[in-house]
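# Predicted model and sequence follow; I will ask about them next.
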Amino acid sequence: MISNQPDKQELALTQLVFGGGIAQAARVAGVDRATIYRWLREDPAFARQIRAARHDAHEAAWLELIGVAPAALQVVKYAIDDEDVGAALKVAQAMRLLHRLETAEAELMNAPANDSDAPPT
(Lines give C-alpha, C1' and ligand atoms only; values in the text may rest on other atoms or scores of the structure.)
Protein backbone atom coordinates (compact mmCIF):
# COMPACT_ATOMS: atom_id res chain seq x y z
CA MET A 1 0.00 0.00 0.00
CA ILE A 2 1.26 3.42 -0.87
CA SER A 3 -0.27 5.19 2.13
CA ASN A 4 1.78 5.71 5.27
CA GLN A 5 -1.14 4.14 7.17
CA PRO A 6 -1.10 0.48 6.05
CA ASP A 7 -2.75 -0.80 9.23
CA LYS A 8 -5.64 1.63 8.83
CA GLN A 9 -5.96 0.75 5.15
CA GLU A 10 -6.02 -2.95 6.03
CA LEU A 11 -8.87 -2.37 8.50
CA ALA A 12 -10.77 -0.37 5.89
CA LEU A 13 -10.11 -2.97 3.21
CA THR A 14 -11.53 -5.75 5.38
CA GLN A 15 -14.73 -3.78 5.96
CA LEU A 16 -15.13 -2.85 2.30
CA VAL A 17 -14.54 -6.41 1.11
CA PHE A 18 -16.93 -8.07 3.52
CA GLY A 19 -19.93 -5.85 3.06
CA GLY A 20 -19.22 -2.71 5.02
CA GLY A 21 -19.79 0.64 3.40
CA ILE A 22 -17.46 3.61 3.27
CA ALA A 23 -18.78 5.06 6.54
CA GLN A 24 -18.32 1.78 8.41
CA ALA A 25 -14.84 1.25 6.92
CA ALA A 26 -13.83 4.76 7.99
CA ARG A 27 -15.20 4.26 11.50
CA VAL A 28 -13.36 0.94 11.98
CA ALA A 29 -10.11 2.33 10.54
CA GLY A 30 -10.35 5.49 12.63
CA VAL A 31 -10.23 7.85 9.67
CA ASP A 32 -12.62 10.25 7.98
CA ARG A 33 -14.77 9.04 5.06
CA ALA A 34 -12.91 11.48 2.82
CA THR A 35 -9.70 9.58 3.58
CA ILE A 36 -11.23 6.32 2.31
CA TYR A 37 -12.37 8.07 -0.87
CA ARG A 38 -8.89 9.57 -1.30
CA TRP A 39 -7.25 6.16 -0.88
CA LEU A 40 -9.61 4.70 -3.47
CA ARG A 41 -8.96 7.57 -5.86
CA GLU A 42 -5.24 8.15 -5.38
CA ASP A 43 -3.82 4.81 -4.25
CA PRO A 44 -4.09 2.34 -7.15
CA ALA A 45 -2.61 -0.44 -5.01
CA PHE A 46 -5.36 0.01 -2.40
CA ALA A 47 -8.12 -0.02 -5.02
CA ARG A 48 -6.52 -3.05 -6.70
CA GLN A 49 -6.32 -4.90 -3.37
CA ILE A 50 -10.00 -4.28 -2.72
CA ARG A 51 -10.98 -5.59 -6.15
CA ALA A 52 -8.74 -8.65 -5.75
CA ALA A 53 -10.00 -9.41 -2.24
CA ARG A 54 -13.64 -9.01 -3.31
CA HIS A 55 -13.00 -11.30 -6.26
CA ASP A 56 -11.41 -13.90 -3.95
CA ALA A 57 -14.31 -13.67 -1.47
CA HIS A 58 -16.88 -14.08 -4.24
CA GLU A 59 -14.91 -16.97 -5.73
CA ALA A 60 -14.79 -18.72 -2.34
CA ALA A 61 -18.53 -18.22 -1.83
CA TRP A 62 -19.24 -19.51 -5.33
CA LEU A 63 -17.11 -22.63 -4.80
CA GLU A 64 -18.86 -23.30 -1.51
CA LEU A 65 -22.24 -22.99 -3.22
CA ILE A 66 -21.15 -25.37 -5.96
CA GLY A 67 -20.07 -27.82 -3.27
CA VAL A 68 -23.53 -27.93 -1.70
CA ALA A 69 -25.42 -27.89 -5.00
CA PRO A 70 -26.13 -31.66 -5.13
CA ALA A 71 -27.65 -31.64 -1.64
CA ALA A 72 -29.55 -28.42 -2.40
CA LEU A 73 -31.01 -29.94 -5.56
CA GLN A 74 -32.15 -32.98 -3.60
CA VAL A 75 -33.90 -30.71 -1.06
CA VAL A 76 -35.57 -28.80 -3.89
CA LYS A 77 -36.74 -32.06 -5.45
CA TYR A 78 -38.25 -33.20 -2.15
CA ALA A 79 -39.86 -29.78 -1.63
CA ILE A 80 -41.44 -29.89 -5.08
CA ASP A 81 -42.66 -33.45 -4.54
CA ASP A 82 -44.15 -32.51 -1.14
CA GLU A 83 -45.42 -29.09 -2.31
CA ASP A 84 -43.51 -27.47 0.57
CA VAL A 85 -44.12 -23.71 0.34
CA GLY A 86 -41.58 -22.83 3.04
CA ALA A 87 -38.81 -24.65 1.20
CA ALA A 88 -39.84 -22.99 -2.06
CA LEU A 89 -39.47 -19.57 -0.41
CA LYS A 90 -36.00 -20.49 0.85
CA VAL A 91 -35.01 -21.61 -2.65
CA ALA A 92 -36.24 -18.30 -4.07
CA GLN A 93 -34.14 -16.41 -1.48
CA ALA A 94 -31.08 -18.49 -2.35
CA MET A 95 -31.60 -17.81 -6.04
CA ARG A 96 -31.70 -14.06 -5.36
CA LEU A 97 -28.46 -14.36 -3.39
CA LEU A 98 -26.82 -16.23 -6.27
CA HIS A 99 -27.95 -13.55 -8.69
CA ARG A 100 -26.51 -10.82 -6.45
CA LEU A 101 -23.18 -12.69 -6.25
CA GLU A 102 -23.05 -13.07 -10.03
CA THR A 103 -23.90 -9.38 -10.52
CA ALA A 104 -21.26 -8.28 -8.00
CA GLU A 105 -18.64 -10.49 -9.65
CA ALA A 106 -19.46 -9.06 -13.08
CA GLU A 107 -19.20 -5.51 -11.73
CA LEU A 108 -15.82 -6.27 -10.16
CA MET A 109 -14.49 -7.76 -13.36
CA ASN A 110 -15.64 -4.74 -15.38
CA ALA A 111 -14.46 -2.08 -12.91
CA PRO A 112 -11.74 0.26 -14.18
CA ALA A 113 -8.35 0.13 -12.43
CA ASN A 114 -8.94 3.40 -10.57
CA ASP A 115 -12.51 2.51 -9.67
CA SER A 116 -13.67 4.12 -6.46
CA ASP A 117 -17.01 4.53 -4.80
CA ALA A 118 -18.56 7.84 -5.69
CA PRO A 119 -16.77 10.51 -3.68
CA PRO A 120 -18.83 12.74 -1.42
CA THR A 121 -20.02 15.95 -3.02
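Cool, got the structure.
# quick check: longest helix of this protein.
Ranked by residue count under DSSP state H, the longest helix found in the chain is helix 44-82.
# just the angle between the helix or strand bottoming out on mean pLDDT in the chain and helix 44-82, please?
The weakest-scoring helix or strand in the chain, judged by mean pLDDT, DSSP states H and E, is helix 85-110 (a mean of 75). Counting by axes from the mean of the first three to the mean of the last three Cα atoms, to 10 degrees, helix 85-110 points 160 degrees away from the direction of helix 44-82.
# gap between residue 74 and residue 53?
33 Å (Cβ to Cβ, to the nearest Å). C-betas here are computed from N, CA, C, even on glycine.
# Mind checking which of those two has more residues around it?
Under the neighbour definition other Cβ atoms under 10 Å, residue 74 and residue 53 were set side by side, and residue 53 has more, 16 against 10.
# Leaving aside the residues adjacent along the chain, what's closest to the more buried one?
residue 17 (4.3 Å; Cβ to Cβ, 6 or more residues apart in numbering).
# what's the burial count for the one you found?
Residues within reach of residue 17, counting by other Cβ under 10 Å, total 19.
# and the gap between it and residue 77?
Distance, residue 17 to residue 77, by Cβ to Cβ: 35 Å.
# can you check residue 14 too?
39 Å.
# Between these two, which has more neighbouring residues?
Comparing residue 14 with residue 77 by other Cβ under 10 Å, the one with more neighbours is residue 14, at 15 against 10.
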